[in-house]
Every structure is written in C-alpha cells, then in structure tokens.
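[1] I would like the atomic coordinates for the input below:
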Amino acid sequence: MGFETLDVERKVLSILRIVSDCREPVGARVIAHRMKDYGVELGERAVRYHLKLMDERGLTRLVGREGRLLTEQGEEELRSALVKDKVGLAISKIELLAFCTDFDYEKRCGSIPVNISFFPKEKFEKALQVMKPAFKEGLCVSELVAVASEGERLGEFIVPEGRRGLATVCSVVINGALLKGGVPMDSRFGGILQIRNRKPFRFVELIHYAGSSLDPSEVFIRAKMTSVKEAARRGNGKILANFREIPALCRGIAEEVVAKLREAGLGGLLVMGNTSEPVCETPVELNRIGMILLGGMNPVAAAEEAGIEAENHAMSTIVEYQDLTKFEEL
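    Next up, the predicted model:
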C-alpha cells in the first residue's frame, strides 16, 4: 500500500469513527471540525468529497439533506481497518474519560464516566432481578444507575429499537477524581479477581490496557469467565476488577479523594496496598502503591451468567451525576 493510499485510508477511518461516535446523522461541517481531534486537517469541501466516495462504497448512507449514518458495512470496516491504529485504544479511552470527568464531590454535581448496556426490553425486568444481589453486596462501583427506553439518550448513546439501556458507573471515576486532585494514576490492567470468603484473593486472568484494543470487561463477559452471582451469594467467585498504581507520596490525597467519592455514593476501591508491596499477589513498582478497583459491569456480568445477553459498551461515555438514581428505586 502506497503512502498516498494509506493517508486516504486514515482519513476515511477517522470520518467513520466520528460518524459512529455521533450516533445521529452528522454533516460535513461537524466532521471537518472534529477531524482536528484526530490530528487531521481536512476542509469541509474535502470531507464532502470523501463522504460521497464512502456512500458509493456502501460505508455510509445519506439521511436528510447532509447527515450521514454508518451502514453495517461501514461498522464492519471500522472494526477491522488499520489494526495498528487500535493498539492501546483501551488506555486511551481511560485517559480521555478521566480528563472529561468533572464531578465535584463537594457540590455533588458534574459529569462522571459510565458503562452502557442494552438489554432486550422484554428481559430487562428479569435482568434487574438477577443484578440485584451484585448491587446489594457492593460488587460494583456505585449503586447509582441511569435507565432509558428505546429512542432515548444515555450520554452519547441512543437506545436502539427493542432495547432498554442501563448506565452503570465506571471505575474511571476514581481516575478522574484523582487527576483533578493532582494525583497521577497508572492504569495497568483489567482482570478477573478471585474472591474467597468475601475477600479479594488474587487475579486469575488479566489484560493489559496498553496492549489491547478491546475493553477487558467486555472480553471477559463475552467469554463467560465470571461468576459474579456466586461471589454475591456465597462469597466465593470470580469478578471483574482493575489494577492501578499511584505514587506512594500521594497516598494521603488519594485516601481523602476516595473518602469524598464514597460519601457521594461513588465507591469502587476494593484494596489499597502499602508502598512497593504486592497486592493480591500482584507486584507493585518501587515507591508506588497498588490499588484494586471493582469493575463497574459486575452486575451486568451476573445477568449474562443467567443467560440474559446484552450489548455492552464499557468505559464509553459520561453522564450528569444528577441524572443518576439508586438501583433499588428502579
């Protein structure tokens, strides 16, 4: 593939990503503006030219006068094209969501990161019953959730026809709060954490964020590698969890921030280790502290274990804190 062809392919892929992220018909003017976020300078006229070619290739379709949506072929192209551009996508999503998190735990307002799950609407009530023990036992980042019906919006997502949407708080809320507090956090990996007698024991599977284009939680749920229901019911099982590190000097600030988040109903911290000491058999770098955070999608994993499949989008968007409600009130 020549340089010129590769350059065009990157532009096309960037346009596909923007159209996909918008979830609504989007025009050339908006696309040209957002292309700058991908480091691509492309004028509105050039975008229209590429969109016309993409229409002809069956990647996009015209809606209204100017708006475009992705076709199934376009979605497949987005998933498959330029694999090397996807490496490290998971860590990039964490960093972007942490930066976009502006929750003020003193005023109890602002945006927080969430995971989005779409359930078949006829199975949604059953899914809520299955998820209830996981929320009750605290195997989640927060008991606060948001629910939407088909056609309604959850963050940047619109609930598809025949589905009910559920937003669960993502553990990246801790990354965001610590970032605002001046504490740098190294997100190492997502994994499967073994629980024994209701206490964290060790990681049995892991995926490093920096080397993965997929979110570990989505992978583990799809592979049916969890036993969240058993962990909630009997105190023994395998749950979704994440491993982070912070500088040892920041411990005091981190503990204060986590405590303030907990007061606002946003938890997620399962274990904070000691300086340079392993946490749940996981080694920690010199002069750093290991932290294990609960996976926000553990309740959804419990529903999947019960045979209620959902379309999951982990670490996918942000919502306003005021728009969340307690799970028990659903």
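[2] contacts and neighbour counts: CA atoms only from here.
    Will do.
[3] All the helices of the protein, residue numbers only.
    Along the chain, the stretches classed as helices by DSSP state H are 3-22, 28-34, 44-56, 72-80, 89-100, 124-136, 172-180, 216-222, 228-234, 251-263, 298-305.
[4] Distance to His313 and mean pLDDT added to the ones you listed, as CSV?
    Listed next are those as CSV, based on distance: least, Cα to Cα, whole Å; pLDDT from 0 to 100:
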stretch, distance to His313, mean pLDDT
helix 3-22, 12, 76
helix 28-34, 22, 88
helix 44-56, 26, 91
helix 72-80, 14, 84
helix 89-100, 12, 87
helix 124-136, 17, 97
helix 172-180, 14, 96
helix 216-222, 7, 94
helix 228-234, 19, 97
helix 251-263, 24, 97
helix 298-305, 11, 98
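[5] any idea which of these is most buried?
    When you average the neighbours per residue for each of the helices of the chain (mean count of other Cα atoms under 10 Å), helix 298-305 leads with a mean of 26.
[6] Just checking the distance from it to the centre of its chain.
    Helix 298-305 sits 15 Å away from the centroid of its parent chain (Cα atoms, centre = their mean, to the nearest Å).
[7] which strands and helices sit next to it?
    helix 124-136, helix 228-234 (3 or more Cα pairs under 8 Å, 6 or more residues apart in numbering; DSSP states H and E).
[8] want to throw those into CSV with distance to Glu320?
    Output for the helices and strands packed on helix 298-305, formatted as CSV (distance: least, Cα to Cα, whole Å):
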stretch, distance to Glu320
helix 124-136, 20
helix 228-234, 28
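[9] for those helices, which one sits closest to Val8?
    Minimum separation from Val8 across the helices and strands packed on helix 298-305 (Cα to Cα) falls at helix 124-136, 43.0 Å.
[10] and that closest one, how far out from the chain's middle?
    On Cα atoms, centre = their mean, the centre of helix 124-136 falls 20 Å from that of its chain.
[11] And stretch 242-252, by the same measure?
    With Cα atoms, centre = their mean, you get 21 Å for stretch 242-252.
[12] contact partners of that stretch?
    183-191, 275, 284, 287-295 (Cα atoms under 8 Å, 6 or more residues apart in numbering).
[13] out of those residues, which are buried?
    Buried subset of the contacts of stretch 242-252 (neighbour count, 16 or more other Cα atoms under 10 Å): 183-191, 275, 284, 288-295.
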